[in-house]
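Enquirer: Sequence first, then the predicted structure, then my questions.
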Amino acid sequence: MATVTVFPVLHSSEYFTRPSIDELVEREVADPGYCSRVPNFVIGRAGYGQVRFLGNTNVRGIDLNDIVRFDKHSVVVYEDETDKPPVGHGLNKAAEVSLLLNLKDLPEPSILVELLRCRARKQGARFLSFNTVNGEWKFEVDHFSRFGLVDEEEEDVVMDDAAVRQPIAELRESDPPSNGYEMELSHSLPAHLGLDPAKMQEMRMAMFYNEEDDEYMEDGFPSDERYLSRERMNVDSPTSSGKGSRLRSLSPLHMSSQKTGRRSGLPARKEPHALLEYTMNSSELGPLTQGMLLSGQNKGFPVKMTKVEGFKLPAEQETPVAGKMYTNCVVDAALFMGRSFRVGWGPNGILVHSGSLVNSPGTGLSSVIHIEKVASDKVVRDDKNKIKEDLAELVFSDPMDLHKSLDHEFLETESDSFRLKLQKVVANRLVLPDICRSYIDIIERQLEVSDLSMSSRVLLMHQVTVWELIRVLFSKRANGSQLALIGDDDQEGMVLDKKEGTVNIDLDALPLVRRADFSNWLQDSVCHRVQGEVGSLSDARYLEHILLLLTGRQLDSATEVAASRGDVRLAILLSQAGGSMSNRSDLSQQLDLWKMNGLDFDYIEEDRLKVYELLAGNIQAAILDSPIDWKRYLGLIMWYQIPPDTSLDIIIHSYQHLLGEGKVPYPVPVYIDEGPLDEALQWSPGDRFDISFYLMLLHANQDEKFGLLKTMFSAFSSSYDPLDYHMIWHQRSILEAIGAFSSNDLHLLDLSFVYQLLCLGKCHWAIYVILHMPYLDDAPYIHEKLIREVLSQYCESWSKDDAQRQYIVELGIPEEWMHEALALYHEYYGDQQGALEHSIQCGNWKKAHTIFMTSVAHTMFLSSNHQKIWDITSSLENHKSEIADWDLGAGIYIDFYILKNSMQEESAIMQEESAMDDLDLLEKKNESCKSFFGRLNDSLLVWGSKLPVESSVEYDRACYSKMAEELCDLFMNAPGEALNLHMGCFQTIVNAPVPEDRKLPYLQEAVSLFTEILCSDS
């Protein structure tokens, strides 16, 4: 613990300190208290600069990773003002700062010195020197914020440590720092692994330079969109506009235009291709340990995958994470290789990580990529780990159909121009028994499925008891003289007589009726455990047999056993068990008298004394050496200790109080309490209760706010599968519908169930669940975002299932959202025609126009599919005000057809009209073509750079060339006399975007006509 509070913390291998961390440790050992008075303490970053704190500095317990950050041409100490200590304390003190500037991006040295003086003065610093050779700028500060070349125009952007690193190419070209800027990596992780830290740093920077020098780009997103603005120190720009423009290039926002030229020597950055699907060597969903197994199939464009082997360390290698305390933890290889190796989630629960389990046999630490599938469908697998389709329908579809059949209320929300109908189940406690019975019927049908594992059957039987408990605790009887019983007709122990299923009950007696029902539920839920333990006893141990029967309140059976053995007096006592308090008091007094009179209890069987103690209400003495589950212990308190007229709420609170004192068994979940489990679980008392006990607490606290809802509706409260929420969601929905509680804070339950449904391909039910999420004023668009995300990510599932698609429409989901997802899906798989159609149907006019111009139009035009082009462009024309470059895009095709038709009509007219009329029409036609040909050339300039591949550019040129040729042909087919009168038309034809070999016939015709005109004039 001493090292945590005494020594400073520094993890980044790019940063260094002087003295180093190791030297600080040695000096602290030799001179206790040294870390509280380190003279001239230095911290720096290789290639960026350093800070030397003047005088003695207290560095005890300082996390240097969070306090000091070097960016390009700047340093920040205590970026968070709330954590900054007073001036003179910590690292907020006088210091000498040295920054290494990149001279390529700065003005001439003679001008730069004055700029640096100005910047230092405006920031409250004192300029010391500037080395024009290596770009080292030194200045002194009295306290810290942000210092360096920081532009006012950078206020809206904050680059993190990884986003503004100096390009590695620049580091290699610049001279090494002259003041001893060796990278001190002796405290880094590679050093602990027995590796050369400098060599590891050199390898990392050589292999991943693209990640280091792309300040303006991280993960494909512009930095100015990824980071929120933070307060930065403002610095006035230089007075000269020329100087200012050059200095502003230091900002990442102003460097994008210079990237190409400055990095011309580096290989071009290629856009990453998304993985279309994962190909695995095993059909099972267990963990895959084969390293790099990702492969993509050709679905419209080539995907090239390369197998990469990372470094490996032997299992016996001593590392900082070795030891038993880290066993079975996954090691993140980002500790070794930086942010290039991240954990990532793929579709359908696929986890890609670059770690291995610590202390696993035969495995050491490595950076080899692993792929594992998180099994979210254990609930529909049999004992051979095979998915059973009939079980999947019973587990998911049938309960959802039942839920859908219940009464609903709707809340209509509006987002932009779309409306959603949020849903909520409404029910009253009078119909709750019927609802619970319907769910139980579905579970009983699941139990009839063959080849279920034993653990699955235990959980299913437990779900039956849970629904029965919900009925017992939360159902309500109708008002009136004829009141239906809550319990079944064959239940025993009812305090009221039954008359053909109905009975007249005093309203004051209803709590006792509920208590009687709860008692019957307890008897039924522990009956199988009592019978199991009784079956293992021999006939000679009849007293122990009776004691076990009493723990399950099987009084009739216990009395019969005692009578069959001739123990008549005990049989009489057993027949009165759990009755009036006077009988318990008499038994208790008799036992006390025996103890007071010194009766030798050695002459009485031990089990008989336990039976007497239990009948007297002394539970702890009766079961002192007998392990018993929590349900039976709760029943013993209820049946033999607490008065029979005590309300159920008091009984539950009493058990909760004893639980807090550690005097009663812990209400563990059923899979731990009963088992057996297919896999070992790490569990300790106090982690969670069984959902049955949570339901009891919810009933007992119904008039107060219940604060255990999140834990109650977690997967572990009823299942050992942390991803199984299918029945918990229904139980929550029904309880909330009858008013047992109200909460807007159970989104984890909703989204977990949505994920489970999506992994099984049931997208329509996932959307149904999203619509049942409560509306939140602070997140009004959460339903829209989730539904659109589901439609987009799982488009292949619902779009190919007509039943799912129809049901999604019936839920009131806007069809525009569905077409939006289909457009993205078709575009991803290279079906540009389908993407265009769905983009139009979803009203994404800009996207539709872009797809039409870059991928569809030229192909359709060259294949003479003119009617289809006209239909598409006509639908887009109605929204041309929303489309950029309309006149140079789809508008060209519309104008072409209009111009072509008009020229054809005018040619027919010119054959009948006079020469003067021909000339007017020809001049008009010439101006129209000249303007159109100019637009064709401009369109090529606009769209040429946006076309996906070079072949598309050639197709586009061929398309425009064909347009121009057709119009030129109409010119050439004009009457000869009119053409003679207007030789300027040939100039328009020559300027048309037609290949040179196609222009040759027109030029020859022009020369021939021109020669003819000259000859006629002569």
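Expert: Received it, and whenever you're ready, just let me know what you need. Numbering: from 1, shown residues only.

Enquirer: isn't there a strand covering Gly61?
Expert: No. Looking at Gly61 with DSSP: H, G, I helix; E, B strand; the rest coil, it is coil, so not inside a strand.

Enquirer: So for it, what's the pLDDT?
Expert: With respect to pLDDT, Gly61 scores 85.

Enquirer: measure it to Ser36 for me?
Expert: Between Gly61 and Ser36 the computed distance is 10 Å (C-beta to C-beta, to the nearest Å). Heads up, the C-betas are built off the backbone N, CA and C, glycines and all.

Enquirer: do Ile440 as well
Expert: Relative to Ser36, Ile440 is positioned 69 Å away (C-beta to C-beta).

Enquirer: pretty sure Trp798 is in a helix, no?
Expert: Yes. Counting by three-state DSSP, one finds Trp798 located in a helix.

Enquirer: What is the burial count for it?
Expert: 24 (other C-beta atoms under 10 Å).

Enquirer: if I read this right, it contacts Gln806, doesn't it?
Expert: No. At 10.1 Å, Trp798 does not count as touching Gln806 under the criterion of C-beta atoms under 8 Å.

Enquirer: for the stretch 801-950 of the chain, what spans make up the helices?
Expert: Per DSSP state H, counting those that start in this stretch, the stretch 801-950 of the chain carries helices over the ranges 802-810, 815-828, 832-841, 845-851, 857-862, 866-877, 890-910, 915-944, 950-972.

Enquirer: among the ones you listed, which is nearest Tyr794?
Expert: Closest approach to Tyr794 among these (C-beta to C-beta): helix 815-828, 8.6 Å.

Enquirer: any idea of the angle that closest one forms with helix 802-810?
Expert: 140 degrees (axes from the mean of the first three to the mean of the last three C-alpha atoms, to 10 degrees).

Enquirer: ok, and for helix 815-828, which residues are buried?
Expert: Going by neighbour count (16 or more other C-beta atoms under 10 Å), the buried part of helix 815-828 is 816-828.

Enquirer: can you list those in TSV and add pLDDT and distance to Leu394?
Expert: Below are these laid out as TSV (pLDDT from 0 to 100; distance: C-beta to C-beta, whole Å):
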residue	pLDDT	distance to Leu394
Glu816	92	35
Trp817	93	31
Met818	94	29
His819	94	34
Glu820	93	34
Ala821	94	30
Leu822	94	31
Ala823	94	36
Leu824	92	34
Tyr825	92	31
His826	92	35
Glu827	90	38
Tyr828	89	35
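
Enquirer: picking that back up, let me have the helices of the stretch 801-950 of the chain in JSON lines, adding distance to Pro627 as columns.
Expert: As requested, the helices of the stretch 801-950 of the chain are exported to JSON lines (distance: least, C-beta to C-beta, whole Å):
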{"stretch": "helix 802-810", "distance to Pro627": "50"}
{"stretch": "helix 815-828", "distance to Pro627": "56"}
{"stretch": "helix 832-841", "distance to Pro627": "64"}
{"stretch": "helix 845-851", "distance to Pro627": "67"}
{"stretch": "helix 857-862", "distance to Pro627": "78"}
{"stretch": "helix 866-877", "distance to Pro627": "76"}
{"stretch": "helix 890-910", "distance to Pro627": "80"}
{"stretch": "helix 915-944", "distance to Pro627": "79"}
{"stretch": "helix 950-972", "distance to Pro627": "76"}
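
Enquirer: What strand or helix carries Val51?
Expert: Per DSSP states H and E, Val51 falls inside strand 49-53.

Enquirer: Determine the set of other helices and strands touching that strand.
Expert: With contacts taken as 3 or more C-beta pairs under 8 Å, 6 or more residues apart in numbering; DSSP states H and E, strand 49-53 sits against strand 42-45, strand 74-77, strand 95-100.

Enquirer: Pull up the pairing partners for the helix or strand following that strand, direction included.
Expert: Remark: after strand 49-53, the chain's next helix or strand is strand 56-57, criterion DSSP H and E. Here strand 56-57 is paired, per DSSP bridges, with strand 38-39 (antiparallel).

Enquirer: What are the contacting residues of the strand it pairs with?
Expert: Applying C-beta atoms under 8 Å, 6 or more residues apart in numbering, the contact partners of strand 38-39 are Pro19, Leu24, Gly55, Asn56, Thr57, Asn58, Val59.

Enquirer: got a list of what the fifth one touches?
Expert: With contact taken as C-beta under 8 Å, 6+ apart, Thr57 is in contact with Arg37, Val38, Pro39, Phe41, Leu91, Lys93.

Enquirer: Tell me which stretches of the stretch 301-450 of the chain form strands.
Expert: Assigned by DSSP state E, counting those that start in this stretch, the stretch 301-450 of the chain shows strands spanning 344-345, 350-353, 370-373, 408-415, 418-425.

Enquirer: Same list (the ones you listed) but as CSV, adding mean neighbour count.
Expert: Below are the strands of the stretch 301-450 of the chain laid out as CSV (neighbours: other C-beta atoms under 10 Å):
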stretch, mean neighbour count
strand 344-345, 11
strand 350-353, 18
strand 370-373, 19
strand 408-415, 12
strand 418-425, 17
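
Enquirer: right, and those - which one's nearest Ile672?
Expert: Between Ile672 and those, the shortest gap by C-beta to C-beta is with strand 370-373, which sits at 25.5 Å.

Enquirer: what angle sits between the strand holding Val51 and strand 95-100?
Expert: Strand 49-53 runs at 170 degrees relative to strand 95-100, counting by the same axes, to 10 degrees.

Enquirer: Neighbouring strands - and their directions - for strand 49-53?
Expert: Counting by DSSP bridges, strand 49-53 is paired with strand 42-45 (antiparallel), strand 95-100 (antiparallel).

Enquirer: returning to what we had before: so which of Ile440 and Ser36 has more stuff around it?
Expert: Taking other C-beta under 10 Å, Ile440 and Ser36 do not tie; Ile440 has more neighbours (17 against 13).

Enquirer: how close does that one sit to Asn40?
Expert: Distance of Ile440 to Asn40, computed by C-beta to C-beta: 77 Å.

Enquirer: what's the answer for Asp556, then?
Expert: From Asp556 across to Asn40, the span is 90 Å (C-beta to C-beta).

Enquirer: try Leu615
Expert: For Leu615, the distance to Asn40 equals 84 Å [C-beta to C-beta].

Enquirer: For those two, work out which one has more neighbours and name it.
Expert: A direct count of neighbours by other C-beta under 10 Å for Leu615 and Asn40 places Leu615 higher, at 23 against 14.

Enquirer: residues touching that one, list them.
Expert: By C-beta under 8 Å, 6+ apart, the contact set of Leu615 is Leu550, Leu573, Leu574, Ala577, Asn583, Arg584, Leu587, Tyr640.

Enquirer: Report all helices and strands that the helix or strand where the first one lies contacts.
Expert: Spelled out, that is Leu550. Using DSSP H and E, Leu550 maps to helix 542-551. Under the contact definition 3+ C-beta pairs under 8 Å, 6+ apart, helix 542-551 sits against helix 510-534, helix 555-564, helix 568-575, helix 606-615, helix 630-636.

Enquirer: try it again with 10 Å
Expert: For helix 542-551, the elements it packs on are helix 510-534, helix 555-564, helix 568-575, helix 606-615, helix 619-622, helix 630-636, judged by 3 or more C-beta pairs under 10 Å, 6 or more residues apart in numbering; DSSP states H and E.
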